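> Fold the stuff below for me.
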Amino acid sequence: MVANKSPEPELEAEAASHTGVQSVDRAITVLEILARRGDAGVSEIADEMRVHKSTASRLLSALDARGMVQQNSERGKYQLGVGILRLASAIPGRLSLAHEARPFLQALAAQFQETANLAVLRSNFAVNVDQAMGSSTLATYDWVGNLTPVHATSSGKILLAYLETGERDRILKEAGLPMLTANTITSRKALEKQLMTAAHVGYATTYQELEIGINAVAVPVRDHRGLVIGAVSVSGPAFRFDPEKEPGLLAELQQTGLLISEKMGFSPHAP
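All right, here's what the predicted structure looks like:
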């Protein structure tokens, strides 16, 4: 009689590898569930993952041992632990907003054939840190590095709209509301109304407010904490570019802002 041969070492290693990958995938799923729900019990996690309660319990115990989750002593439910914060805190310093946003700016410029910009708030101004130009761009003016007034640019309005009231008040008092064109908003009351609308709808526009002949629209970019750290905009000549009437532009621009935000660690489903 021929003795049964043991499985090939390669097959054993492959099976072990598959089991390990499945465990990692399940552990990550647990973290994603807790990030989305805020907290959850063993049974809730098991039901959502469609695994046995004992499997969910083992996963939570392993994550708890590494500080990735922690149990609420009062309700017995689990939530994300301080270990996640330690890992997350190491990310922002390694991320470059301009670097992460560049391919998205290029895609916007190519799709709508206009100029796409990325701006941040610096010294009471909206500063353009990157730019991509579409094939229909009439001029080749480089806005990168320029300090532009926050009250007269779509990016500036977005950056103002999500600031705390006290900080916004300080910036507007120091920078003022100078008239740059006949369309520039110079009334604080009128500007505040626009900012409130911008925060509500998620975008801000300017119609020949910085320069005659230029219209623009911008949306926010957020970081891992949900704070607005930048604005991505599309601008074009007023005779052909009306941002609120351009087919598909607002939806695409808002989606782009979200995608860049996710690159910076933002989760739209986080509590």
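> distance of the residue lying closest to Leu180 once chain neighbours are set aside from Phe112?
Distances taken as CB to CB, 6 or more residues apart in numbering place Ala152 nearest to Leu180, at 5.3 Å, with adjacent residues excluded. Where you see a C-beta, it was placed from the backbone N, CA and C, and this is true even at glycine. Noted for Ala152: a distance of 22 Å to Phe112, by CB to CB, to the nearest Å.
> more crowded one of these two?
Using other CB atoms under 10 Å as the criterion, Ala152 and Phe112 rank with Ala152 on top: 24 against 21.
> Who are the contact partners of that one?
180-181, 184-185, 206, 209-210 (CB atoms under 8 Å, 6 or more residues apart in numbering).
> Next, it: phi, psi?
Ala152 has phi and psi values of phi -120, psi 10 when expressed as degrees, to the nearest 10.
> With Leu59 instead?
Dihedral pair for Leu59: phi -60, psi -50, per degrees, to the nearest 10.
> what's the spacing between it and Gly41?
As judged by CB to CB, Leu59 and Gly41 stand 13 Å apart.
> Same drill for these two, tell me which one is more crowded.
Ranked by neighbour count (other CB under 10 Å), Leu59 and Gly41 place Leu59 first, with 23 against 17.
> Go ahead and confirm that one touches Asp25.
No. In this structure, Leu59 is not within contact of Asp25 by CB atoms under 8 Å, at 10.6 Å.
> Neighbours of Arg50, how many?
Neighbours of Arg50 under the rule other CB under 10 Å: 6.
> State the distance from it to Thr29.
With CB to CB as the criterion, Arg50 and Thr29 are 10 Å apart.
> Low-confidence ranges, the stretch 101-250 of the chain, go.
Residues of the stretch 101-250 of the chain that meet the criterion pLDDT under 70 lie in 136-143.
> what do you get if the cut-off is 80, keeping everything else the same?
Along the stretch 101-250 of the chain, the parts satisfying pLDDT under 80 run over 134-146.
> So which residues of it form helices?
154-161, 165-175, 188-201, 249-263 (DSSP state H, counting those that start in this stretch).
> Against which helices or strands is the first one packed?
Taking 3 or more CB pairs under 8 Å, 6 or more residues apart in numbering; DSSP states H and E as the contact definition, the neighbouring helices and strands of helix 154-161 are strand 115-122, strand 125-132, strand 147-149, helix 165-175, helix 188-201, strand 204-207, strand 214-222, strand 228-237.
> out of those, which comes closest to Pro103?
Nearest to Pro103 among the helices and strands packed on helix 154-161 is strand 125-132; the distance by CB to CB comes to 9.2 Å.
> Report all helices and strands that that closest one contacts.
Counting contacts by 3+ CB pairs under 8 Å, 6+ apart, strand 125-132 packs against helix 97-112, strand 115-122, strand 147-149, helix 154-161.
> highest average neighbour count across these?
Among the helices and strands packed on strand 125-132, helix 154-161 has the highest mean neighbour count (mean count of other CB atoms under 10 Å), at a mean of 28.
> For Leu80, which residues are in contact?
Applying CB under 8 Å, 6+ apart, the residues contacting Leu80 are 31, 34-35, 68-70.
> Before we move on, what's the pLDDT of it?
At Leu80, the model reports a pLDDT of 81.
> List the beta-bridge partners for it.
Here Leu80 shows beta-bridge partners Val69, assigned using DSSP bridges.
> distance of it from Ser267?
In terms of CB to CB, Leu80 sits 11 Å off from Ser267.
> intersection of neighbour lists for the two?
What both Leu80 and Ser267 touch, as defined by CB under 8 Å, 6+ apart, is the set Ala35.
> closest to Gly76 among the contacts of Leu80?
Minimum separation from Gly76 among the contacts of Leu80 (CB to CB) is found for Gln70, which lies at 11.7 Å.
> Chain neighbours aside, what residue packs nearest to the closest one?
The spatially closest residue to Gln70, leaving aside those adjacent along the chain, is Gly81, at 4.1 Å (CB to CB, 6+ apart).
> The one you found touches Leu60, doesn't it?
No. Counting by CB under 8 Å, Gly81 stays clear of Leu60, with 10.6 Å between them.
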